[in-house]
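**Student:** Sequence plus predicted model, see below.
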Amino acid sequence: MNDPLTDAEDDAATPLTPEERHDLIPSYITTRDQLNEVEQLGIAEADRWAFSRKRDVLDERFLLSLHKRMFQGVWRWAGSFRTTPRNIGVEAYQIAVELRQLLDDVRYWVAHATFPPDEIALRFHTRLTWIHPFPNGNGRHARLATDLLVVALGGERFTWGGGGLIDATTMRKAYIDAVRAGDNHDFAPLLAFARS
């Protein structure tokens with residue numbers, strides 16, 4: 001049986017367990033397009049909230065509350081670490097430790113100007129997506145958190161290719177390829193994509 005909420009054409013999409021899909025709040029959603037639409041409404045509201053005042057993006061509680069604000073109207077597990085294995089990401093029991101290590105690393109990079117601001121932000125993005133802390137919404141959450149970080153570092157928000165990355169398009173493939181290059185410590189493709 002095909003699940004209409006699973007995008008079979010996008011091998012980079014995070015599959016949800018049946019229990020996680022059961023935690024969908026709006027009962028009228030039956031298609032991926034409907035899900036994307038309602039999630040985007042929450043993301044737009046979270047974006048306004050996040051940029052309404054200065055935030056400490058390098059705080060674990062803030063990152064959890066950001067995810068919750070983005071998806072609280074859609075998923076009961078919004079703002080909670082995943083507890084199940086994924087096709088990508090660290091083991092669920094390692095999420096909190098890996099996230100704390102990432103936040104400590106980024107604080108060090110900022111304090112010591114280890115990399116330029118854009119590179120610090122994109123290294124943060126790459127590691128956050130690699131950790132994959134949530135059942136779903138990791139890329140969208142990481143992009144918003146990364147935008148907050150680069151702005152806090154005195155830069156401009158990233159354009160992320162200048163278009164939507166939800167659908168399995170050429171632009172989404174370019175983004176996924178750039179993130180995967182970052183996983184291998186090659187940040188040039190992600191920098192080019194994020195500023196295009």
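**Tutor:** In hand now; what should we look at? Residues are numbered from 1 along each chain as shown.
**Student:** burial of residue 29, as a residue count?
**Tutor:** A count of nearby residues for residue 29, using other C-beta atoms under 10 Å, gives 18. For every residue, glycine as well, the C-beta is placed using N, CA and C.
**Student:** On the three-state scheme, the closest residue to it other than its chain neighbours is what?
**Tutor:** Ranked by C-beta to C-beta, 6 or more residues apart in numbering and with sequence neighbours excluded, the top spatial neighbour of residue 29 is residue 35, at 5.3 Å. Judged by DSSP: H, G, I helix; E, B strand; the rest coil, the three-state class of residue 35 is helix.
**Student:** Surely residue 35 is in contact with residue 21?
**Tutor:** No. Checked against C-beta atoms under 8 Å, the pair residue 35 and residue 21 is beyond contact range at 10.1 Å.
**Student:** Which one of the two is surrounded by more residues?
**Tutor:** The residue with the greater number of neighbours, taking residue 35 and residue 21 and applying other C-beta under 10 Å, is residue 35; the counts read 20 against 15.
**Student:** Okay, helices next: where are they in this protein?
**Tutor:** In chain order, the chain shows helices spanning 18-22, 32-50, 60-71, 95-111, 117-131, 138-152, 170-183, 188-194, with DSSP state H as the criterion.
**Student:** Any chance of JSON lines for those helices, columns mean pLDDT and distance to residue 77?
**Tutor:** Converted to JSON lines, the helices of the chain look like this (pLDDT from 0 to 100; distance: least, C-beta to C-beta, whole Å):
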{"stretch": "helix 18-22", "mean pLDDT": "92", "distance to residue 77": "6"}
{"stretch": "helix 32-50", "mean pLDDT": "95", "distance to residue 77": "13"}
{"stretch": "helix 60-71", "mean pLDDT": "98", "distance to residue 77": "8"}
{"stretch": "helix 95-111", "mean pLDDT": "98", "distance to residue 77": "13"}
{"stretch": "helix 117-131", "mean pLDDT": "98", "distance to residue 77": "16"}
{"stretch": "helix 138-152", "mean pLDDT": "97", "distance to residue 77": "13"}
{"stretch": "helix 170-183", "mean pLDDT": "93", "distance to residue 77": "23"}
{"stretch": "helix 188-194", "mean pLDDT": "97", "distance to residue 77": "28"}
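**Student:** So for residue 81, which of those helices sits nearest?
**Tutor:** Taking C-beta to C-beta as the criterion, residue 81 comes closest to helix 95-111 out of the helices of the chain, the separation being 4.9 Å.
**Student:** For that closest one, list the C-alpha coordinates in CSV.
**Tutor:** Extracted as CSV, the C-alpha positions of helix 95-111 are listed here (Å, rounded to 0.1, in the frame of the first residue of the first chain):
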residue,chain,number,x,y,z
ILE,A,95,21.5,13.0,19.5
ALA,A,96,21.8,15.0,22.7
VAL,A,97,25.5,14.4,23.1
GLU,A,98,26.3,15.1,19.4
LEU,A,99,24.1,18.3,19.5
ARG,A,100,25.9,19.6,22.6
GLN,A,101,29.3,18.9,20.9
LEU,A,102,28.2,20.8,17.8
LEU,A,103,27.0,23.8,19.8
ASP,A,104,30.3,23.8,21.8
ASP,A,105,32.3,23.6,18.5
VAL,A,106,30.4,26.5,17.0
ARG,A,107,30.9,28.6,20.1
TYR,A,108,34.6,27.9,19.8
TRP,A,109,34.7,28.8,16.0
VAL,A,110,32.9,32.0,16.7
ALA,A,111,35.0,33.0,19.7
